[in-house]
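Novice: When you get a sec, could you give me coordinates for this:
(one chain, ligands or ions: 1)
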Amino acid sequence: MAQAAQYNNPTLLPALQPDCPAVLNAMCEMTRVDSTELMRRRFAENLAHLFPIASISFLTPDKNGRLNEPLRCQVPNAQQPSTLEWENRPRRGIVPTGALARCVSEQRHQFPAHSQNIDYFPISDDTHLFEVIEIHRRTLDASCRDTLSRILAIYGNFVRILHQQELDALTGVYNRGAFDSQIAMVAQSVRQAKPGDEHWWLMMLDVDHFKQINDRYGHLIGDEVLLLIARVIRNTLRTLDRIYRYGGEEFAVLLSPCQAHNALALAERIRGKVESSHFPQVEHITLSVGLAPIDRFDHVANIVGRADQALYQAKRGGRNQVREYVARPTGPIGPGLQAPGALELFS
Ligand SMILES: Nc1nc2c(ncn2[C@@H]2O[C@H](COP(=O)(O)OP(=O)(O)OP(=O)(O)O)[C@@H](O)[C@H]2O)c(=O)[nH]1
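Specialist: Sure thing, here's the model as predicted:
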C-alpha cells in the first residue's frame, strides 16, 4: 500500500509488481543510451536480472523475408544472471515458420502452442518491422508476462526513436554517430571471442574526384550521386554487413565475420558495381576502397587508422581500386632473417 500511494495510475500497479523499483531501475538503465545496439544489450542484461530467462535473441528481417540474428545472449544460470554469455556466431537466413512466421506477418506477440517457453515479440512501426525478439523463458506467471510485454512496449518506442536518430538524412544509411558506437561494440565483442580464421572487417570507401563532380554539375547532382552510391553499396552487401556514411563523400562498411578472400571479393564487387553503374548526367563514377581486419585487442582508433591507410594507398595507387591492410612481421632484415615486429604493408 505504501507503494500504491506513489503512483497516480492504479492500473499500472499490478503490472509493476512483483518488484516495482527494480523494474523502474531497469527502464532507466535501458533508456540511458544513444544507440539501438547498446540498448539491445542493456535491455537483455536487465531482462535477465528481472525474469527467469534462458536466452534472448534479436532477429532482424532481410529483403528476402528471412531473419538474421545479429545478437543473442544466454543466461546459463538463472540464480546468477550476471553470468550472461554473448553469442558471437549469429544465425543467418532463418526461414520463419509457425509462430515466428505469424509474428512477422501479423506483427503481434506470439507464443508457439507446442512450447509454452518461447515468446516472439515484434518491434515495428506502421510500415516497418525492425526486429523480432525471441525470448526463451524458464517459468513466468501471468503477472510477470504482463510486465515483460509492457517493458517490451517501452523498448519498442525507444527503438523507433533511436532508429531515426541513427540514419543519415541524405543517403538513408547509418550515420557517423551510429558507426562510432557500433564499431566500439564490435571491437569489444571481438576481444571476448575465441580466435579463429574469420574476422570482422572495416572497409572505407571514398568517391574519386568528387569535388570535380560538384564543381561541374552542382551540389544537387553531387548529392544525388552520394544517394545512388549508398544504394549500390547497400544492395551489394550481405545481410549482416552494415553501411555508414562516415562523412562527406566517404562511406564505411562493417563486414560481419568472414575470411580475407571473401572480404576482398566483396570489396572488389562493390568497386566494380559502382564503376559499371550509370549515374544521371555524371555517367561514370569510381570508388577507392581500403580494407582492414578487426583483430582481437585492437582499439577503434587503430582499426579506423589502418583502413584509412589502406584507402590512402588505393588513392595513391591511381584510384578505382581496393587495397587491403596487411601487417607482416619484420625487424632487422638480413638474408634469410626476419625478426618479429610490425611493418605496415598493403596488398
Ligand atoms: N554534394 C555534396 N558534396 C559534398 C558533401 N559532403 C562533402 N562534399 C564535397 O566533397 C568534396 C570532397 O573533395 P576532396 O576531399 O577534395 O576529394 P575528391 O575531390 O573526391 O578527391 P579524391 O578523394 O582525392 O579522389 C568537397 O568538394 C566537398 O565539398 C555532400 O553532402 N554533398
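
Novice: From now on I want contacts and neighbour counts done on CA atoms only, so please keep to that.
Specialist: Noted.

Novice: Looking at Gln6 now. What's its pLDDT?
Specialist: Gln6 is assigned 36 on the pLDDT scale.

Novice: Skipping adjacent residues, who's closest to Leu170 in space?
Specialist: Leaving out its chain neighbours, the residue that sits closest to Leu170 by CA to CA, 6 or more residues apart in numbering is Leu227, at 6.7 Å.

Novice: what sits against Glu198?
Specialist: The neighbours of Glu198, taking CA atoms under 8 Å, 6 or more residues apart in numbering as the test, are Pro257, Cys258, Gln259, Ala260.

Novice: Now the phi/psi pair for it, please.
Specialist: The phi/psi pair for Glu198 (degrees, to the nearest 10) reads phi -100, psi 140.

Novice: What of the one 5 residues further on?
Specialist: Dihedral angles phi and psi of Met203 (degrees, to the nearest 10) take the values phi -120, psi 130.

Novice: ok, how many other residues are close to it?
Specialist: Using other CA atoms under 10 Å, Met203 has 28 other residues around it.

Novice: Check the one 5 residues further on too.
Specialist: Asp208: 18 surrounding residues under other CA under 10 Å.

Novice: Then Asp141?
Specialist: Burial of Asp141 is recorded as 7 neighbouring residues (other CA under 10 Å).

Novice: let's have the chain start at 43 instead
Specialist: Let's use 43 as the start, then, which means that last one is Asp183.

Novice: circling back: derive a PyMOL selection command for the buried subset of the contacts of Glu240.
Specialist: To isolate the buried members of the contacts of Glu240 in PyMOL, using 16 or more other CA atoms under 10 Å:
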select buried, resi 299+302
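
Novice: By residue count, what's the longest helix in this protein?
Specialist: Scanning the chain for the helix with the most residues, using DSSP state H, yields helix 184-207.

Novice: After that one, which helix or strand is next?
Specialist: helix 218-234 (DSSP states H and E).

Novice: Could you check the angle that next one makes with helix 184-207?
Specialist: Using axes from the mean of the first three to the mean of the last three CA atoms, to 10 degrees, the direction of helix 218-234 lies 120 degrees away from that of helix 184-207.

Novice: Put the alpha carbons of helix 218-234 into PDB.
Specialist: Presented in PDB, the C-alpha positions along helix 218-234 are these (Å, rounded to 0.1, in the frame of the first residue of the first chain):
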ATOM      1  CA  ARG A 218      28.700   8.600 -38.200                       C
ATOM      2  CA  GLY A 219      27.300   8.500 -34.700                       C
ATOM      3  CA  ALA A 220      25.900   5.000 -35.300                       C
ATOM      4  CA  PHE A 221      29.300   4.000 -36.700                       C
ATOM      5  CA  ASP A 222      31.200   5.200 -33.700                       C
ATOM      6  CA  SER A 223      29.100   3.300 -31.300                       C
ATOM      7  CA  GLN A 224      28.800   0.100 -33.400                       C
ATOM      8  CA  ILE A 225      32.500  -0.300 -34.200                       C
ATOM      9  CA  ALA A 226      33.200   0.100 -30.500                       C
ATOM     10  CA  MET A 227      30.800  -2.700 -29.700                       C
ATOM     11  CA  VAL A 228      32.300  -4.900 -32.400                       C
ATOM     12  CA  ALA A 229      35.800  -4.300 -31.100                       C
ATOM     13  CA  GLN A 230      34.700  -5.200 -27.700                       C
ATOM     14  CA  SER A 231      32.900  -8.400 -28.800                       C
ATOM     15  CA  VAL A 232      35.900  -9.400 -30.800                       C
ATOM     16  CA  ARG A 233      38.100  -9.100 -27.700                       C
ATOM     17  CA  GLN A 234      35.900 -11.700 -26.000                       C
END
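
Novice: What lies in contact with that helix?
Specialist: 77, 79-80, 130, 208-210, 242, 286-289, 296, 336-342.

Novice: Out of the residues you listed, which end up buried?
Specialist: Buried among the contacts of helix 218-234 (16+ other CA under 10 Å): 77, 79-80, 130, 208-210, 242, 286-288, 296, 336-338, 341-342.

Novice: In strands, which of these fall?
Specialist: Trp242, Tyr286, Arg287, Tyr288, Leu296, Ile336 (DSSP state E).

Novice: Quickly list the domain ranges of the protein.
Specialist: Per the record, the chain has its domains at 46-207, 218-388, by automatic domain parsing.

Novice: ok now the longest helix of the chain, how far from the chain's centre?
Specialist: 19 Å (CA atoms, centre = their mean, to the nearest Å).

Novice: Report the separation between Gly314 and Tyr286.
Specialist: To Tyr286, Gly314 is 19 Å away according to CA to CA, to the nearest Å.

Novice: now do Asn199
Specialist: Distance from Asn199 to Tyr286, by CA to CA: 23 Å.

Novice: So, low pLDDT: which residues of the stretch 93-242 of the chain?
Specialist: By pLDDT under 70, the weakly predicted segments of the stretch 93-242 of the chain are 130, 157.

Novice: Dihedrals phi and psi, the residue of it found nearest the ligand?
Specialist: Using CA to the nearest ligand atom, the single residue of the stretch 93-242 of the chain nearest to the ligand is Leu212, 7.4 Å away. As for Leu212, its main-chain torsions (degrees, to the nearest 10) stand at phi -80, psi -50.
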